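>>> Provided below are the primary sequence and the corresponding predicted coordinates.
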Amino acid sequence: MIELAPKHKYGLPLATPLMPASGVFGFGDAYRDLIDLALLGAVVTNPISLRPRRAARGQRIQTRDDTFVVHTGWPNPGLHKVVRDYRDVWSHLPVPVIVHLLATQPTEVAESVGYLSSIANVAAVELGYATQATTRRAVDCMAAAQEGTLPVIAQIPLERMAAWAPRFANHGADALTLTAPPRAVLPISNEGLDSPVAHYMRGRLYGRALFPLLLNVLSRWSDKLALPIIACGGIGSPQDALDCLTLGATAVQIDALLWKDPPLLNRVGHKLRQRRPAPTADGESSTNPL
Amino acid sequence: MIELAPKHKYGLPLATPLMPASGVFGFGDAYRDLIDLALLGAVVTNPISLRPRRAARGQRIQTRDDTFVVHTGWPNPGLHKVVRDYRDVWSHLPVPVIVHLLATQPTEVAESVGYLSSIANVAAVELGYATQATTRRAVDCMAAAQEGTLPVIAQIPLERMAAWAPRFANHGADALTLTAPPRAVLPISNEGLDSPVAHYMRGRLYGRALFPLLLNVLSRWSDKLALPIIACGGIGSPQDALDCLTLGATAVQIDALLWKDPPLLNRVGHKLRQRRPAPTADGESSTNPL
Amino acid sequence: MPVPGAYVLADLGGPLWEPLYPTLLDDAGLVTVVPPGHAATALLPGTPVNLLGPLGQGFRLVPTGHPLDRLLLVAESTYLPYLRPLYQTASSVALVVEATTRAQLPSPSSFPPALELILATRDGSAGYLGPLEVEGAAPPGLERAGARLRELLTWAERVCLACDPGRYPAFAQIVQETRLLPGSDFAQAFVRVPMPCGVGACDVCRITTRRGEQRACVEGPVFDLLDFLAT
Amino acid sequence: MPVPGAYVLADLGGPLWEPLYPTLLDDAGLVTVVPPGHAATALLPGTPVNLLGPLGQGFRLVPTGHPLDRLLLVAESTYLPYLRPLYQTASSVALVVEATTRAQLPSPSSFPPALELILATRDGSAGYLGPLEVEGAAPPGLERAGARLRELLTWAERVCLACDPGRYPAFAQIVQETRLLPGSDFAQAFVRVPMPCGVGACDVCRITTRRGEQRACVEGPVFDLLDFLAT
Ligand SMILES: Cc1cc2nc3c(=O)[nH]c(=O)nc-3n(C[C@@H](O)[C@H](O)[C@H](O)COP(=O)(O)OP(=O)(O)OC[C@H]3O[C@@H](n4cnc5c(N)ncnc54)[C@H](O)[C@@H]3O)c2cc1C
Ligand SMILES: Cc1cc2nc3c(=O)[nH]c(=O)nc-3n(C[C@@H](O)[C@H](O)[C@H](O)COP(=O)(O)OP(=O)(O)OC[C@H]3O[C@@H](n4cnc5c(N)ncnc54)[C@H](O)[C@@H]3O)c2cc1C
Ligand SMILES: Cc1cc2nc3c(=O)[nH]c(=O)nc-3n(C[C@H](O)[C@H](O)[C@H](O)COP(=O)(O)O)c2cc1C
Ligand SMILES: Cc1cc2nc3c(=O)[nH]c(=O)nc-3n(C[C@H](O)[C@H](O)[C@H](O)COP(=O)(O)O)c2cc1C
Ligand code: FES
Ligand code: FES
């Protein structure tokens, strides 16, 4: 049992420090046939906006070696319709639901968290930000989210770690997800066409190559931030998940690597259940052995 | 022929927009038997400090899939000894030398550039920074470098792009190298030992996975920075180099991918020599087709 | 035997699944046709491949309870493999294949003899003059493919298409013009898009239809063509 | 035939070269010995491997112009493959092998019969009691490896070592104590470190010696043992 919102009046206790990352698991039980959902600590929804968002036009995914860039535009039918479609599914899940909200406008965030506070089995919100958002706006959305009764997790883009993480920690976030995937650009493969004009797509970068960047973030920040950290980015094995906990994370999120390897969630879940308790305070330091 | 320092009184003309990245090519002609140095636009030295630096202790390299983390500590015998050992080599290279200086103290930088201005075939300095350096210090080192007569290129760490790149461009850098590799952490493999204590190493991240991050930086910044940009990070093919030029770079640096594939420099060099001239102003935009 | 148009996700070594469209699938493996240069062609014979599926909604051929008499297939030449499992699923099958030019047309000997083959090229170098959507006047010595397609649409009991999805709104319009009240599923359109997850989780495979955005991986990859009618 | 101790860099599929230490190298390929689990063991027979080399400075065996009479080899058991090309390079060869425990010792039948094999274990489960550096009193029934090593050092014309480099300062000290004015190259020490570039460019392979930092890839991987003497 872990506690992701120790300062929150209701808290956010999870049976296992494991969940999917927002954007890779759908809005509810898409993976019910492939994954033992009871091994998770929580389900995290894909990003949801107050108003509907349509899918991005043009190419949405491009691979290069072991990495890939994804650009969906975060399509969703808007918070109210998502809740209508999924509240039944959510209430029957064996684990709590963390709703990921696209934090664009403080007023929208406030309205969203108010609406969600009465939905069964929704245990927390996770805020997602546009990488290019201003720090001011990002902090204002955080403050708006705290007007609700649910614990608030903020997901920080990799590029904004230094600018945002300390501020969010000081402005009352219950936990931080480190990190949202970095933005990346790849040329679009025209299936062998030798097109004279080059085309490129921008999107979120995924792949195992994110993991060394994640460990760097954890080892630099976990000691400096006095709140639970959820590690996210390129975790591809049970050992990776343990490394994150060793470097100070309280829980882990599995990102797009699970698409090709859904049992990864089961494997990590089993490993985390077997884990020995953390060393005692007079033993070897358990955070930041670097 | 490209010009990397258009505002500098002597300029920095290179025959080809191609060079090795600092830290991967040694201090002079280490690759003379494997690469046609005449295909390069310049040779960039490994980082040099005014005073000697010893190699880092502990493990220096760790691979994970297609990426690897390198931590050398930038060992070098200090600028004066490097020059004594290599000035003869430098003067006989078929292309100019760009000396990479570790920019720690403004006074040291000023002394270094003064000393280098009289060394034959040294055509420019490239400044390298500790990722954790303060912005103030970094800018002061830039200013100190401009007291010399050589063109000054600043290499910006990936993590410091937003904070440093615009400032450096405004404070008179002749060109920017985007970017120095990001810091990363990996667990150290103990060759099968099931050690109870986890060990980690921090260093620079290399591998083809850097390339989508580089293209993102180029596409975001090349239009906003009114000075030549040298692209660096995960370039692994002639096409990658062309993509960098399409997205606004004036030249490219090949980083640690060349260790395993030294002929990569020759292949890119040949390709860049065959390149068509850039489209005219009334044609398709040549920068930022994103 | 999977429904034609349904798919399996295959691990061909990259970081994402590759969809394969099997013509045969059992415990021993699958049979599928892939274009030249496809990642599957790099596999050594005998290499085991990790699969997920079958997934998705394929072509719905027998809705009225009796086997089909007259089936029309329409494909761009590069999409032909996706229709191959349908070549012998009705008493009479007509197949319209469109290519840019003659050299990209398939050899007639690669089809069952009973299948009626109608060829069209965009440059008029062989068969009817494309594109398939266009009817009306043609240069001397050439006949427009559009007229022939419309004839076949009145003849057919069912139509299965495999083309670039950007063309489906126009095809849907033609179906509505040539058939009085075409039933749901009369014309069915196959969509090929990347499908990284296959279970409706990632939203990469969304396509816009008259009924809102649909996911090719779970609601498709075969859709009612009329869903692509412009709204 | 490459000099023993020199190396080639091999492309075994990862993002970096892997050093291999060939016992035979010609146009047809190379012969080398690698430990169990090494990346090379995953290669299918007949797979071509891209190589760079030979590179580096190997063991220098014939400095005085006449073939060697008495050669002493000293290795930790995991380092044995690097000395294997030296087993028959002198009229008399003595090989000291140290392992943690009996199970890690090599089988005597894997050596040429003429080679004198001296075994040591750190736990005393077989042969002399290690570590090799230590002489003096031993528990009942056991003999210290250190005394035997010193004897062999007085006997040998040349010594080649392959151990963890952290032990070389102590071995260098022992050589200085047992030999009066040991000549340069009398004792030579092999160093195994990652060598990503092989040409002296990357500075990953630097090791600290009495003569300053040296690069294992170009100045090594075999160094004069006395260069490791503490300064
Ligand atoms: C010519 C052109 C036209 C485009 N038109 C559109 C368009 O009409 N609609 C569209 O969506 N995209 C459009 N894009 C793409 C552009 O929006 C982004 O590249 C894309 O949205 C990134 O989506 P993603 O899947 O990578 O997901 P993400 O990048 O993670 O997010 C999708 C979008 O949402 C933003 N975002 C992320 N988190 C939040 C948040 N919390 N609150 C608000 N915004 C957030 C991102 O900045 C991004 O714009 C267009 C691009 C170009 C070049
Ligand atoms: C317990 C411990 C002890 C350590 N002791 C040492 C030590 O004694 N010496 C040592 O070098 N490292 C030491 N390190 C490692 C630490 O210095 C860095 O991780 C390492 O130097 C990074 O080197 P790198 O090869 O990755 O190259 P880089 O990270 O690129 O650079 C090497 C070092 O130089 C710094 N640097 C980079 N550019 C500049 C510049 N322009 N001016 C000044 N500094 C710059 C970096 O911050 C880094 O410290 C130690 C680490 C630990 C955990
Ligand atoms: C609703 C919406 C419409 C957009 N329309 C355009 C557009 O017409 N042209 C464009 O270049 N970018 C468009 N964008 C992309 C924004 O410029 C982009 O999201 C923003 O710069 C953030 O950058 P990033 O998503 O690329 O990281 C649009 C984004 C959204 C959310
Ligand atoms: C000369 C030198 C000595 C160092 N000594 C130590 C040390 O004793 N302990 C430590 O944790 N880090 C040491 N460091 C590492 C610095 O803390 C580190 O370089 C700095 O925080 C920059 O971080 P980074 O190199 O890891 O990015 C040393 C660095 C240098 C250059
Ligand atoms: S493939 Fe992921 S939602 Fe369809
Ligand atoms: S291996 Fe690169 S310097 Fe020795």
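Received, thanks. Numbering: from 1, shown residues only, chains lettered A, B, ... in the order given. Ligands and ions are numbered 1, 2, ... in the order given.
>>> how about low-confidence regions in the chain?
Let's take chain A. Counting by pLDDT under 70, chain A shows low-confidence ranges at A:190-197, A:276-290.
>>> that's the other chain; I wanted chain C
Looking at chain C by pLDDT under 70, you get C:1, C:63-65.
>>> the strands in it, which residues?
Using DSSP state E, the strands of chain C run over C:7-10, C:18-20, C:22-26, C:29-32, C:51-55, C:70-76, C:92-99, C:116-121, C:128-129, C:158-162, C:187-190, C:206-209, C:212-215, C:222-224.
>>> Relative to residue C:109, tell me which of those wins on proximity.
strand C:116-121 (10.4 Å; CB to CB). In this view, the C-beta of every residue, glycine as well, is placed from N, C-alpha and C.
>>> what about residue 11, neighbour count?
You didn't say which chain, so I picked chain A. Other residues lying near residue A:11 total 15 when counted by other CB atoms under 10 Å in any protein chain shown.
>>> not what I meant, chain C
Neighbour tally, residue C:11, other CB under 10 Å: 15.
>>> OK, contacts around it?
A:260, C:17-18, C:49-51 (CB atoms under 8 Å, 6 or more residues apart in numbering or on different chains).
>>> hmm, back to that, okay if I get the strands of chain C as a markdown table plus distance to residue D:201?
Converted to a markdown table, the strands of chain C look like this (distance: least, CB to CB, whole Å):
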| stretch | distance to residue D:201 |
| --- | --- |
| strand C:7-10 | 41 |
| strand C:18-20 | 39 |
| strand C:22-26 | 50 |
| strand C:29-32 | 47 |
| strand C:51-55 | 45 |
| strand C:70-76 | 51 |
| strand C:92-99 | 52 |
| strand C:116-121 | 56 |
| strand C:128-129 | 62 |
| strand C:158-162 | 53 |
| strand C:187-190 | 53 |
| strand C:206-209 | 48 |
| strand C:212-215 | 50 |
| strand C:222-224 | 56 |
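>>> Same list (these) but as a markdown table, adding mean neighbour count.
Supplementary listing: those in a markdown table, determined by neighbours: other CB atoms under 10 Å in any protein chain shown:
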| stretch | mean neighbour count |
| --- | --- |
| strand C:7-10 | 25 |
| strand C:18-20 | 23 |
| strand C:22-26 | 16 |
| strand C:29-32 | 16 |
| strand C:51-55 | 18 |
| strand C:70-76 | 23 |
| strand C:92-99 | 22 |
| strand C:116-121 | 20 |
| strand C:128-129 | 21 |
| strand C:158-162 | 27 |
| strand C:187-190 | 26 |
| strand C:206-209 | 20 |
| strand C:212-215 | 18 |
| strand C:222-224 | 24 |
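>>> The ones you listed: which one's closest to ligand 1?
strand C:206-209 (11.0 Å; CB to the nearest ligand atom).
>>> can you list the residues that contact the closest one?
A:54-55, A:72, A:75, C:165, C:191, C:193, C:213-216, C:220, C:223, C:227-228.
>>> for those, which one is nearest residue A:179?
Nearest to residue A:179 among the contacts of strand C:206-209, with distances taken as CB to CB, is residue A:72, at 18.4 Å.
>>> Just confirm that closest one contacts residue A:55, I think it does.
Yes - using CB atoms under 8 Å, residue A:72 is in contact with residue A:55, at 6.1 Å.
>>> which residues do these two both contact?
Common neighbours of residue A:72 and residue A:55 (CB under 8 Å, 6+ apart) are C:203, C:206.
>>> What's the separation between residue A:58 and ligand 5?
As judged by CB to the nearest ligand atom, to the nearest Å, residue A:58 and ligand 5 stand 17 Å apart.
>>> Mind telling me what element that residue is part of?
Using DSSP states H and E, residue A:58 falls within no helix or strand.
>>> how about the nearest residue to it, chain neighbours excluded?
residue A:201 (6.7 Å; CB to CB, 6 or more residues apart in numbering or on different chains).
>>> So which residues make contact with the helix or strand hosting the one you found?
Using DSSP H and E, residue A:201 sits within strand A:200-206. Residues from elsewhere that reach strand A:200-206, judged by CB under 8 Å, 6+ apart: A:23, A:58-62, A:67-72, A:180-188, A:234, A:255-257, B:212-213, B:215-216, B:219, B:243, B:247, B:289-290, C:15.
>>> Please see if that strand touches ligand 5.
No - on the criterion CB under 6 Å from any ligand atom, strand A:200-206 is out of touch with ligand 5, staying 13.1 Å away.
>>> Can you mark which positions in that strand are buried?
Within strand A:200-206, the residues that count as buried by 16 or more other CB atoms under 10 Å in any protein chain shown are A:200-206.
>>> Mind picking the one among those that's closest to residue A:127?
Nearest to residue A:127 among the buried residues of strand A:200-206, with distances taken as CB to CB, is residue A:204, at 16.3 Å.
>>> Residue in the stretch 151-290 of chain A with the shortest distance to ligand 5?
residue A:259 (7.3 Å).
>>> quick one: that residue and ligand 6, what's the gap?
Residue A:259 is 38 Å from ligand 6, by CB to the nearest ligand atom.
>>> Now do the helix or strand harbouring that residue: everything it contacts.
Per DSSP H and E, residue A:259 falls inside helix A:257-260. Residues outside helix A:257-260 that contact it (CB under 8 Å, 6+ apart): A:20, A:24-25, A:31, A:206-208, A:234-236, A:264-265, C:11, C:15-17, C:196-198, C:201-202.
>>> hmm, back to that, buried ones among the contacts of strand A:200-206?
A:23, A:59-62, A:67-72, A:180-187, A:234, A:255-257, B:212-213, B:215-216, B:219, B:243, B:247, B:290, C:15.
>>> check contacts around residue 82.
No chain in the question, so chain A it is. With CB under 8 Å, 6+ apart, residue A:82 has these contacts: A:27, A:45, A:48, A:76.
>>> Correction: the question concerned chain C.
C:5, C:21, C:75, C:162, C:190, C:192.
>>> Tell me how far it lies from ligand 1.
Residue C:82 is 27 Å from ligand 1, where distance means CB to the nearest ligand atom.
>>> what's the closest non-adjacent residue to that residue?
In space, and not counting its chain neighbours, residue C:82 is closest to residue C:162: 4.6 Å by CB to CB, 6+ apart.
>>> From residue D:185, how far out is the one you found?
Going from residue C:162 to residue D:185 by CB to CB, to the nearest Å gives 74 Å.
>>> Also residue A:230?
58 Å.
>>> More neighbours: the two, which one.
The neighbour count for residue A:230 versus residue D:185, taken as other CB under 10 Å, is higher for residue A:230 (27 against 18).
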